[in-house]
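Visitor: Provide a 3D model corresponding to the input given below.
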Amino acid sequence: MKQGITRRDLLRSGVALAAMGLGSGFAAGFVRAAAGQGNAVEVINPQARVPMSFFIDDSTCLVNMGHFCMPQFAEASPTAKIYKKPWKTWPREIPDAFLREFGEFCAAHGVKGKFSIVPYPACVGWLDRELPGWSRQELAASLKLVRDLMLPNWDIHPEMISHTRVIDIRTGRPMAEINAGTMENSYPQGKKSVDELAAYMAYALRILKNCDLPCEGITTPGGFGNGVNDELSAATGQAVRDVFGAEIPHYFKYISDGNQSTRPKLEHVEAAGTQSPRVVVNVPAGTGDWFGNWDGDDEPQGPKYATDDATAGRMVELIERGEPAVMLCHWPGLYTHGTKKGFEQFKRVIRGLDGRYREKTIWMKIGEIARYWAAKELTRIERDGGRIGLAAPFACPRFTLRIRGGVAAGGGQPKLSLNGQVASMSEVVDLRGLTAGTWVRQREDLLVCFDLPKGRVLLGV
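Guide: Reported below is the predicted structural model:
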């Protein structure tokens with residue numbers, strides 16, 4: 001008997017098997033399936049649609065990171081021309097009115113993704129204590145707006161502690177020296193252990209926990225973790241599990257360019273093949289930042305994401321490829337020094353994509369993408385003709401299978417057996433109607449979509 005599926009598990013499912021017409025011979029067939037059927041059952045994109053997401057960096061409550069970061073970067077790298085900009089003329093605040101306008105537009109168009117909340121933004125103040133320049137009431141109102149408006153459709157990440165100066169977590173004060181080596185976007189300069197990196201991340205996470213902002217992942221500022229990439233990944237898992245008890249920790253650090261795959265990567269997988277694996281998911285973005293750059297000082301170039309008719313642009317390329325299409329930008333770029341030029345171009349991009357690809361794509365939070373890929377890679381699936389068994393270490397909404405030869409094998413209506421209860425599924429006429437609890441025919445294949453529970457599932461087709 002294969003590891004992870006025991007004879008007792010199969011006997012417990014006997015009543016359901018009989019109801020599904022699978023018979024007592026299923027156990028032996030279930031074991032033979034892996035060698036005999038190959039790729040007969042394939043996990044495809046959720047609802048057979050291309051996942052889309054929007055990752056926003058350098059965002060936080062009220063503080064315009066472009067304004068406050070610029071002089072600190074300039075002091076640490078005095079010869080860098082990119083930091084010699086007239087930052088004093090830029091707005092110090094990105095107001096909640098703009099966050100509300102942005103969040104309501106995204107909610108109306110189904111846009112989901114990742115929204116950073118820097119917990120000690122550019123050393124201006126602590127979000128769980130005081131934000132000098134704003135009253136406590138203003139800070140509390142801003143945090144409430146993030147919780148009420150953003151949390152339903154956005155995962156919150158810390159972007160380390162300050163995004164500028166490295167903080168001595170023993171004292172809560174920035175390092176005394178000011179140079180590239182004491183800035184978070186180029187930290188650390190040498191080797192750091194997993195425990196050291198995890199402690200630094202956990203410090204940031206605890207501030208957001210004090211703000212009642214749940215986090216299952218982390219975003220790295222700039223080159224944070226370069227040179228200790230493997231330790232960074234492991235530390236992410238350690239910190240997010242320790243502070244928030246996350247089941248599937250994830251992080252955003254990398255951008256996939258050109259022909260590089262945008263599929264998430266499973267890292268530090270432990271106890272694979274059991275019902276309690278541990279994993280960290282690396283979810284990359286697939287675009288550059290073309291809405292105004294990190295400081296909000298560039299002219300937006302929205303068509304680089306997608307043209308108004310969505311016939312060209314990087315997002316179009318990724319959607320046509322069938323891999324996750326993840327947009328990236330920075331919050332000051334959308335605000336664009338108060339002109340909101342970046343936001344206006346963002347709206348045109350979203351309307352263009354919605355007009356052409358609405359029925360072929362699905363917006364997902366970064367954590368939802370991470371969960372789907374963890375379930376896709378770690379769920380064991382075995383088949384014997386029209387009888388399929390799944391052993392899932394993680395629950396996963398809208399889990400979607402392509403069953404090759406499914407029509408020929410069974411020809412009937414797919415039925416799920418969950419915890420001994422048999423549930424019929426509804427047939428839909430085409431992919432547009434495919435959602436959890438439904439299935440569709442495609443020539444000799446079946447596409448089946450359902451909410452996958454953790455544990456063992458039996459599917460009869």
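Visitor: helices of the stretch 1-150 of the chain, start to end?
Guide: With helices called from DSSP state H, counting those that start in this stretch, the stretch 1-150 of the chain shows them at 7-12, 14-19, 26-37, 65-76, 96-109, 136-145.
Visitor: sorry, slip of the keys, the one I care about is the stretch 251-400 of the chain.
Guide: Taking DSSP H, counting those that start in this stretch, the helices of the stretch 251-400 of the chain run over residues 314-321, 331-335, 341-357, 366-378.
Visitor: so for Gly223, which of these sits nearest?
Guide: Comparing those against Gly223 with Cβ to Cβ, the closest turns out to be helix 331-335 (19.0 Å). Heads up, the C-betas are built off the backbone N, CA and C, glycines and all.
Visitor: for that closest one, buried residues please.
Guide: Of all the residues in helix 331-335, those buried under the rule 16 or more other Cβ atoms under 10 Å are 331-335.
Visitor: closest one to Pro86 out of those, please.
Guide: The nearest one, if we look at those relative to Pro86 and count by Cβ to Cβ, is Pro332, at 14.3 Å.
Visitor: would you mind giving the helices of the stretch 251-400 of the chain as JSON lines with mean pLDDT and distance to Val281 added?
Guide: Supplementary listing: those in JSON lines, determined by pLDDT from 0 to 100; distance: least, Cβ to Cβ, whole Å:
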{"stretch": "helix 314-321", "mean pLDDT": "98", "distance to Val281": "18"}
{"stretch": "helix 331-335", "mean pLDDT": "98", "distance to Val281": "24"}
{"stretch": "helix 341-357", "mean pLDDT": "98", "distance to Val281": "25"}
{"stretch": "helix 366-378", "mean pLDDT": "98", "distance to Val281": "4"}
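Visitor: tell me which of those helices sits most buried.
Guide: Between the helices of the stretch 251-400 of the chain, helix 331-335 has the highest mean count of neighbours, a mean of 27, where neighbours are mean count of other Cβ atoms under 10 Å.
Visitor: so what secondary structure elements neighbour it?
Guide: The elements that helix 331-335 packs onto, with contact taken as 3 or more Cβ pairs under 8 Å, 6 or more residues apart in numbering; DSSP states H and E, are strand 50-57, helix 65-76, helix 341-357.
Visitor: how about those in TSV, adding distance to Cys123?
Guide: As requested, the helices and strands packed on helix 331-335 are exported to TSV (distance: least, Cβ to Cβ, whole Å):
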stretch	distance to Cys123
strand 50-57	18
helix 65-76	8
helix 341-357	25
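Visitor: for Lys114, find the nearest of these.
Guide: With Cβ to Cβ as the criterion, Lys114 lies closest to strand 50-57 of the helices and strands packed on helix 331-335, at 4.6 Å.
Visitor: and His250, its phi and psi?
Guide: Reported as degrees, to the nearest 10, the phi and psi values for His250 are phi -150, psi 170.
Visitor: just give the number of residues close to it.
Guide: The number of residues packed around His250, counting by other Cβ atoms under 10 Å, is 28.
Visitor: re the thing from before, and the helices of the stretch 251-400 of the chain as CSV, adding distance to Met52?
Guide: Output for the helices of the stretch 251-400 of the chain, formatted as CSV (distance: least, Cβ to Cβ, whole Å):
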stretch, distance to Met52
helix 314-321, 7
helix 331-335, 17
helix 341-357, 8
helix 366-378, 9
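Visitor: ok, back up a step: pick the one among the buried residues of helix 331-335 closest to Gln345.
Guide: The shortest approach to Gln345 among the buried residues of helix 331-335 belongs to Leu334, at 9.0 Å (Cβ to Cβ).
Visitor: which residue sits closest to Ser276, ignoring its sequence neighbours?
Guide: Among residues not flanking Ser276 along the chain, Pro393 sits closest, at 6.8 Å (Cβ to Cβ, 6 or more residues apart in numbering).
Visitor: check Ile207 too.
Guide: Pro119 (3.7 Å).
Visitor: residues near the one you found, how many?
Guide: Other residues within reach of Pro119 by the criterion other Cβ under 10 Å amount to 26.
Visitor: so it is in contact with Leu127, correct?
Guide: Yes. In this structure Pro119 lies within contact range of Leu127 using Cβ atoms under 8 Å: 5.3 Å.
Visitor: I'd like to know which of the helices of the stretch 251-400 of the chain lies nearest to Met201.
Guide: Of all the helices of the stretch 251-400 of the chain, it is helix 366-378 that lies closest to Met201, at 16.3 Å by Cβ to Cβ.
Visitor: got the angle between the closest one and strand 50-57?
Guide: In this structure, helix 366-378 runs at an angle of 130 degrees to strand 50-57, with axes from the mean of the first three to the mean of the last three Cα atoms, to 10 degrees as the basis.
Visitor: which outside residues touch helix 366-378?
Guide: For helix 366-378, contacts defined as Cβ atoms under 8 Å, 6 or more residues apart in numbering pick out 43, 46, 51, 53, 55, 112-114, 155, 157, 216-217, 248, 250, 252, 263-264, 266, 269, 272, 277, 279, 281, 283, 324, 326, 364, 392-399, 452.
Visitor: so which of those sit within strands?
Guide: With DSSP state E as the criterion, strands contain 43, 51, 53, 55, 113-114, 155, 157, 217, 250, 252, 266, 269, 279, 281, 326, 392, 396-399, 452 from among these.
Visitor: at the geometric centre of the protein, which residue sits there?
Guide: The centre of the chain sits closest to Ile366, judged by Cα atoms, centre = their mean, with a distance of 1.3 Å.
Visitor: okay, and the beta partners of the closest residue to that residue other than its chain neighbours?
Guide: Counting by Cβ to Cβ, 6+ apart, the nearest residue to Ile366 once its immediate chain neighbours are dropped is Lys114, at 4.2 Å. Note on Lys114: beta-bridge partners by DSSP bridges are Phe55, Asp155.
Visitor: re the thing from before, are any of the ones in strands among the contacts of helix 366-378 buried, and if so which?
Guide: By the neighbour-count criterion of 16+ other Cβ under 10 Å, those include these buried positions: 43, 51, 53, 55, 113-114, 155, 157, 217, 250, 252, 266, 279, 281, 326, 392, 396-399, 452.
Visitor: mind giving me the domain split of this structure?
Guide: 7-47+379-460, 50-369 (automatic domain parsing).
Visitor: out of those domains, which one sits most buried?
Guide: Neighbour counts averaged per stretch over the domains of the chain are highest for domain 50-369, at a mean of 20; criterion: mean count of other Cβ under 10 Å.
Visitor: now that domain, how far from the centre of its chain.
Guide: When C-alpha coordinates are averaged (Cα atoms, centre = their mean, to the nearest Å), domain 50-369 and its chain have centres 11 Å apart.
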